[in-house]
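Visitor: Fold the stuff below for me.
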Amino acid sequence: AHGLARRRFAMSVLPIARLAVASPRVGALPARFAAARLAPAVARPRQRASSLKCVNVAPAPGASPRPAQPSHPKQRRGRFTVPSAGKGGFNALPDGTDDLIKKYGDTARATGQFIGKASGLANEKKGFKLKRGGGGSRGYNEGNGVFLLLLLNVVLFVLDNWMHLPFMKLLYLNHMHPQWWQFVTSIFCHANWGHLSGNIFFLYVFGNIVEQEEGTFGVWFSYLFTGIGAGLASYLMLPKGVGGVLGMGAAATVSLGASGAVFGLFAISVLTKLRLDFKKLLECVILGQFVIERFVSEAKMATIAGGVGAGGVNHVAHLAGALVGVFLIVGLSKILPPEK
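Guide: Numbers count the residues shown, from 1 in each chain. All right, here's what the predicted structure looks like:
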């Protein structure tokens, strides 16, 4: 019966094969090729089985089953083509792997936090934030000290020059009849806008540098110490009055302005950068060349003008403020222990 069926099928296919060979759309194809296309499928050689076998790992009792991954022949990641991990493929992890990953992941996170704290990084909720100022030992509150100094100078200028309050004149350093508080208050007063604008600009630049190194207390102490020292030098070296006859009817000499304290910050900003660190030394050279140039210029003007130059510029206070700043840093370096 089987042989009869095969003969009947061959007889039914043979006319179709001949028709296909004679058809102009197929072309002059060999009869054996057309017959091969229309004949039933012949057993093809079996492909060689792959030696790689995927083993399904049964989940642990009570563990949630892993979701099935789509089976694709290949997945493309970037520029590389990697084989896909089908269901139960190489992505199947043995028991306990998740616990190991969690354990060592927590250990790595704790190690990173420890390194961050040791290197000066404060661990906050929103990430790491670098501590600023003095290598972390001296606080730096984002320039609050310099801001308060600038604000006080501007407020007193408004009260004196715009509102013309009469008691403001008592804050000037009167060389003929000095008061003790005038050595402090005079370094916050200014004669005009040009006098104020120049001083607050340099106070902002060099005051911030000092505050970054020494903190808020450091910049305030430096400003007051050098400013008072400049006022004392002016009182001792400049004449007590101007004009008059035989000392009668002379106008008292007054001193005011933050320029003496600013020159003190010039010197302090350079000396605080002087340490065995390439970055600090580079900053010291950049700041130092400017400060030395200003100091030499003031020394020449003081020699020519005799202490007070044109426009009432007090060159003595400028030089004294810079020298007091140098003595302050040198003295503190002898008293305080060296930084580690």
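
Visitor: From the structure, what's the count of residues near Ala299?
Guide: 14 (other C-beta atoms under 10 Å). All C-beta spots, glycine's among them, are computed from the backbone N, C-alpha and C.

Visitor: before we move on, what about Lys279?
Guide: Neighbours around Lys279, by other C-beta under 10 Å: 9.

Visitor: I'd like the next helix or strand past the helix or strand it falls within.
Guide: Using DSSP states H and E, Lys279 maps to helix 278-305. Tracing the chain C-terminally past helix 278-305 and defining elements by DSSP H and E, one meets helix 315-335 next.

Visitor: what comes up buried for that next one?
Guide: Going by neighbour count (16 or more other C-beta atoms under 10 Å), the buried part of helix 315-335 is 315-326, 328-329.

Visitor: can you check stretch 189-196 too?
Guide: Cys189, His190, Ala191, His195, Leu196.

Visitor: Backbone dihedrals for the residue nearest to the first one when sequence neighbours are not counted, please?
Guide: If you skip the residues right next to it in sequence, Cys189 has Leu256 as its closest partner in space, 4.2 Å away by C-beta to C-beta, 6 or more residues apart in numbering. Reported as degrees, to the nearest 10, the phi and psi values for Leu256 are phi -160, psi 160.

Visitor: Determine the number of other residues adjacent to Leu256.
Guide: 25.

Visitor: right, and it touches Phe183 too?
Guide: No - in this structure, Leu256 is not within contact of Phe183 by C-beta atoms under 8 Å, at 11.2 Å.

Visitor: who touches both of these two?
Guide: By C-beta atoms under 8 Å, 6 or more residues apart in numbering, Leu256 and Phe183 have these common neighbours: Leu173.

Visitor: contact partners of stretch 170-186?
Guide: 156, 160, 188-189, 224, 227-228, 231-232, 234-235, 238-241, 250, 252-257.

Visitor: now swap in stretch 151-168 and tell me
Guide: By C-beta under 8 Å, 6+ apart, stretch 151-168 touches Lys169, Leu171, Phe188, Cys189, His190, Asn192, Trp193, Leu196, Asn199, Ile200, Leu203, Ala258.

Visitor: Please, where are all the helices along this protein?
Guide: 2-22, 31-38, 97-118, 144-157, 182-185, 193-237, 259-271, 278-305, 315-335 (DSSP state H).

Visitor: If you average pLDDT over each of the ones you listed, which is lowest?
Guide: The weakest mean pLDDT among the helices of the chain belongs to helix 31-38, with a mean of 47.

Visitor: Leu265 contacts Gly207, doesn't it?
Guide: Yes - the criterion here is C-beta under 8 Å, and Leu265 meets it with Gly207 at 5.7 Å.

Visitor: give the contact list for the residue lying closest to Leu328 once chain neighbours are set aside.
Guide: Distances taken as C-beta to C-beta, 6+ apart put Phe225 closest to Leu328, at 5.8 Å, once the chain neighbours are dropped. Phe225 sits next to Gly264, Val324, Leu328 when contact means C-beta under 8 Å, 6+ apart.

Visitor: which one of the helices of the chain has the most crowded surroundings?
Guide: Stretch with highest mean neighbour count among the helices of the chain: helix 259-271 (a mean of 28; mean count of other C-beta atoms under 10 Å).

Visitor: May I have that one as PDB, with CA atoms only?
Guide: Taking C-alpha atoms only, helix 259-271 is exported to PDB below (Å, rounded to 0.1, in the frame of the first residue of the first chain):
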ATOM      1  CA  SER A 259      43.400 101.300  54.000                       C
ATOM      2  CA  GLY A 260      45.900 100.600  56.800                       C
ATOM      3  CA  ALA A 261      43.900  97.400  57.700                       C
ATOM      4  CA  VAL A 262      43.700  96.500  54.000                       C
ATOM      5  CA  PHE A 263      47.500  96.700  53.600                       C
ATOM      6  CA  GLY A 264      47.800  94.500  56.700                       C
ATOM      7  CA  LEU A 265      45.500  91.900  54.900                       C
ATOM      8  CA  PHE A 266      47.800  92.200  51.900                       C
ATOM      9  CA  ALA A 267      50.800  90.900  53.900                       C
ATOM     10  CA  ILE A 268      48.800  88.300  55.800                       C
ATOM     11  CA  SER A 269      47.200  86.800  52.700                       C
ATOM     12  CA  VAL A 270      50.700  86.200  51.300                       C
ATOM     13  CA  LEU A 271      52.300  84.900  54.400                       C
END
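
Visitor: and the angle for it with helix 278-305?
Guide: Orientation check (axes from the mean of the first three to the mean of the last three C-alpha atoms, to 10 degrees): helix 259-271 against helix 278-305 gives 150 degrees.
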